[in-house]
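In: model the structure of this input:
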Amino acid sequence: MQHSLTWAELAGLRVGVYGLGVEGRANLRACQARGLSPMLVDDQPQPELPDALVTSAGGLDALATCEVVIVSPGISIYSDAITSLRERGVKIVGGLGLWLAGADLDRVICITGTKGKSTTAALTAHLLNEWGYRCLVGGNIGTAPWDPECGDDYDFWVVEVSSYQATSATVAPPVVVVTSLNPDHLPWHCGDVETYYRDKLSLCTRPGARVTVANADSPELVQHAALLGSTVHWVSNTDVADESWVSAVPLLGQHNQRNAVLAAAALREAGIAEASDADALARAAATFRPLAHRLTLIDTVDGVRFIDDGLATNVLPTIAALESLPGERVALIVGGHDRGIDYRPLGAYLREADAEVLVLTTPAVGSRIATEVAESLPGTRSLVRECADLDEAVVGGFDWARPGGIVLLSPAAPSFGVYRDYKDRSDAFARAAHTLAGKS
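Out: Sure thing, here's the model as predicted:
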């Protein structure tokens, strides 16, 4: 088996940090805490880091002088830059891979999945903390476990892992959770859905993995069961009915109830006794607070509820959001950066559910969404309308939803290009709703 490099083993090596976003800054701090002064490179200028080089202005050549380059998740390992560095003998690693290789893996639970992983990770950590364990929830959800700013005095680490981060891991903890599987992030993964699936699920078969707790209601997961490892603990909606404590979880939607059961199953597999006690689960789950931008009520204006589900950047969670609002008239706002995913399943859902939904699409992918969804809508109670921007969609949705309906931001696409991130887009949605409240 190939040796797995750890953070501690970087001492004495020429190290570069490529990518200086949120995780890249954590990588820099982790290097500095170990007395390293890494070469800093980003694809864009970094005014607050004057020593950082730009890739196109000598940065790539500078990285080629390093023995090891720690790559941020946003930089595809399949990119020309990474291929070039490897051809020049540079070892490419990621922060998560370095950390897992040196961690006490029996105290780590990794949670991945196309969607649902943030809520499942947050709830898993919440249950542990409520039962008196010191637990850090980190990874893709926020704090990098290897960031010296978060410390290391924990009983457990619950780590949300993106498909990007998973590719850097050479070992895995005994328990890995997979919440769902659907096409996503295809440009990063060579534009190929099977490459995305293989990368996404790679943790399940890394050395150290013992059991994968997986969503049995995900057709793609079931079809790719061979990538889940030798032992799979399947969890389905049928199991939700057998878990009486789930009713205490303050989350909307059957998909979130299943996520709660996935969390409990993972904790049982990790040997946490309280996870087998329905009363202990109910008491702890009742105090959980849903993540921001996940089916969050923002405002009510003239009887119209404005709900922010801005973390839904794929078709799967957008459909789940609609499923959690049965019988409601919903003005659904979708759109954003086009990463090549198929939006016809949204139209198929609207036809099958006979839902009364106005789909309001926004650029840049809005026109394609409108075309693909509209194919399924003749003869249904749903319709599609293209909008120039989010503000127009909010006003149009409000006018259509009155009285008593819902305006739902569940964009099914990332925010790149117009907004800084999903939070910025959700803030813009909230401002538009509050503006309507001021006018009414």
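In: correct me, but L85 touches V93?
Out: No. Assessed by CB atoms under 8 Å, L85 is found out of contact with V93, at 11.3 Å. Heads up, the C-betas are built off the backbone N, CA and C, glycines and all.
In: can you list residues touching both of those two?
Out: V69 (CB atoms under 8 Å, 6 or more residues apart in numbering).
In: give me the pLDDT for the closest residue to S118 other than its chain neighbours.
Out: In space, and not counting its chain neighbours, S118 is closest to I141: 5.1 Å by CB to CB, 6 or more residues apart in numbering. On the pLDDT scale, I141 is placed at 84.
In: how near is I141 to H293?
Out: As for I141, its distance to H293 is 12 Å (criterion: CB to CB, to the nearest Å).
In: can you tell me, leaving aside adjacent residues, what's nearest to D424?
Out: Nearest residue to D424 in three dimensions, chain neighbours excluded: S415, at 6.7 Å (CB to CB, 6+ apart).
In: tell me the secondary structure at the one you found.
Out: coil (DSSP: H, G, I helix; E, B strand; the rest coil).
In: now do the contacts for it.
Out: Going by CB under 8 Å, 6+ apart, S415 touches G310, T313, G336, H337, D421, Y422, D424, R425.
In: let's see 10 Å
Out: G310, T313, G335, G336, H337, D421, Y422, K423, D424, R425, S426, A428 (CB atoms under 10 Å, 6 or more residues apart in numbering).
In: what helix or strand is the last one on?
Out: This points to A428. Assigning secondary structure by DSSP states H and E places A428 in helix 422-439.
In: please compute how far that helix lies from its chain's middle.
Out: Relative to its chain's centre, helix 422-439 lies at 23 Å (CA atoms, centre = their mean, to the nearest Å).
In: try stretch 257-264
Out: Taking mean C-alpha positions (CA atoms, centre = their mean), stretch 257-264 and its chain are 16 Å apart.
In: and if you look at stretch 372-380?
Out: 29 Å.
In: now it: mean pLDDT?
Out: In the prediction, stretch 372-380 has an average pLDDT of 94.
In: check stretch 150-159 too.
Out: 95.
In: for stretch 306-315, same thing?
Out: 93.
In: confirm G132 sits in a strand?
Out: No. Going by three-state DSSP, the assignment for G132 is coil, not a strand.
In: quick one on the thing from earlier: output the helix holding A428 as PDB, restricted to C-alpha atoms.
Out: The C-alpha coordinates for helix 422-439 follow below in PDB (Å, rounded to 0.1, in the frame of the first residue of the first chain):
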ATOM      1  CA  TYR A 422     -24.900  30.700  -1.800                       C
ATOM      2  CA  LYS A 423     -25.200  32.900   1.300                       C
ATOM      3  CA  ASP A 424     -24.900  36.100  -0.800                       C
ATOM      4  CA  ARG A 425     -27.700  34.800  -3.100                       C
ATOM      5  CA  SER A 426     -29.900  33.900  -0.100                       C
ATOM      6  CA  ASP A 427     -29.300  37.400   1.400                       C
ATOM      7  CA  ALA A 428     -30.400  39.000  -1.900                       C
ATOM      8  CA  PHE A 429     -33.600  36.800  -1.800                       C
ATOM      9  CA  ALA A 430     -34.300  37.900   1.800                       C
ATOM     10  CA  ARG A 431     -33.700  41.600   0.900                       C
ATOM     11  CA  ALA A 432     -36.200  41.300  -1.900                       C
ATOM     12  CA  ALA A 433     -38.800  39.700   0.400                       C
ATOM     13  CA  HIS A 434     -38.300  42.300   3.100                       C
ATOM     14  CA  THR A 435     -38.600  45.100   0.400                       C
ATOM     15  CA  LEU A 436     -42.000  43.700  -0.500                       C
ATOM     16  CA  ALA A 437     -42.900  43.600   3.100                       C
ATOM     17  CA  GLY A 438     -42.100  47.300   3.300                       C
ATOM     18  CA  LYS A 439     -44.300  48.100   0.300                       C
END
